[in-house]
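K.L.:
mind looking at a prediction? Sequence and model below.
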Amino acid sequence: MKITVVGAGAVGASCAEYIAIKDFVSEVVLLDIKEGFAEGKAMDLMQTASLNSFDTNIVGSTNDYSKTADSDICVITSGIPRKPGMSREELIGINAGIVKTVSSSLLEHSPDTILIVVSNPMDSMTYLVHKTTSIPKNRIIGMGGALDSARFKYRLAEALEAPTKEVDGMVIGGHSDKGMVPLISKATRNGEKVSDLLSAERLEKVKQDTKVGGATLTALLGTSAWYAPGAAVSALAESIIRDQKRIFPCSSYLDGEYGLNDICIGVPVVLGKNGIEEIVEIDLEPSDMDHLKESAEGVRKTNNLLNL
């Protein structure tokens, strides 16, 4: 099995590293437009193989898409990173052109691949791929919700002073500061609702800290985060390659689900060998449904800038 990651920056290299360490594919191709950059990252990562005990072969390529041929999954991380003070929406003009070119080039060499879109603004970039390619909607996945949910669980565990593995929670909606919908009412610690364990005030802080999770890291780091995004991509890819049928919130093309049409936005999906195998419609609290609809309106406004 083979996975291609386009963009050998911090996020792309992190994707390649986590995928390799988990050892569920035989080859990872890391591709970048900058001369020698992907080759250097691949070599550096391969020199950790004996230390981290993985057999995955990581290959670097400078913009040679022929090396990506017959990839089972292709991950698109390319685009300019978000700078401090820059909204995801401001990225759209530049990144749309990049994502359109990259997706077309990948499909030329891997027509049966499953695409995972990471580039921001992620929901709109996922929608762009749907509208500018001819592959089925189940094979186009936006990564954001898996990352946002991981950040939500981190904040919940912090508030509960509990191990993260005992906490479960999900974020749906748009992958943006204003668009996220952390589902407080569904969050649990070992089956017990967190709403029974934390005050309303503390839960509101968890919610707000989750929604600005990306911006908080950007302010601290001076650029976008990379470890958690890479781990999120590897989890999605592993569920697909191993046909695990795990449920993750992902940006998916909706055709009536949750009362929404012609939009890509974060909702729970089952991920297996065919990509998105099912969109899971969970019962939402009225307030969460209202927030999801508000989030969708924000995504549509960004989509309108694509000039499709």
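P.N.:
Thanks, I have it.
K.L.:
now stretch 134-145: buried residues?
P.N.:
The neighbour-count check on stretch 134-145 (16 or more other Cβ atoms under 10 Å) flags 135, 138-145 as buried. C-beta coordinates here come from the backbone N, C-alpha and C atoms, glycine included.
K.L.:
show me where the stretch 101-250 of the chain has its strands.
P.N.:
Assigned strands in the stretch 101-250 of the chain, in chain order: 114-117, 140-142, 167-168, 171-173, 180-182, 188-189, 192-193, 246-255 (criterion: DSSP state E, counting those that start in this stretch).
K.L.:
what is the fourth one packed up against?
P.N.:
Contacts of strand 171-173 with other secondary structure elements, assessed using 3 or more Cβ pairs under 8 Å, 6 or more residues apart in numbering; DSSP states H and E, are made with helix 144-160, strand 180-182, strand 261-272, helix 286-303.
K.L.:
do that again at 10 Å, thanks
P.N.:
helix 144-160, strand 180-182, helix 200-211, strand 246-255, strand 261-272, helix 286-303 (3 or more Cβ pairs under 10 Å, 6 or more residues apart in numbering; DSSP states H and E).
K.L.:
go on, the second one?
P.N.:
Based on contacts counted as 3+ Cβ pairs under 10 Å, 6+ apart, the elements that strand 140-142 packs against are strand 114-117, helix 122-132, helix 227-241, strand 246-255, strand 261-272, strand 275-279.
K.L.:
on that earlier part again, CSV for the strands of the stretch 101-250 of the chain, including mean pLDDT?
P.N.:
Putting those into CSV (pLDDT from 0 to 100) gives the following:
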stretch, mean pLDDT
strand 114-117, 98
strand 140-142, 98
strand 167-168, 97
strand 171-173, 98
strand 180-182, 96
strand 188-189, 98
strand 192-193, 96
strand 246-255, 98
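K.L.:
would CSV of these with distance to Ser53 be doable?
P.N.:
Shown next, in CSV, are the strands of the stretch 101-250 of the chain (distance: least, Cβ to Cβ, whole Å):
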stretch, distance to Ser53
strand 114-117, 26
strand 140-142, 29
strand 167-168, 29
strand 171-173, 33
strand 180-182, 36
strand 188-189, 33
strand 192-193, 37
strand 246-255, 24
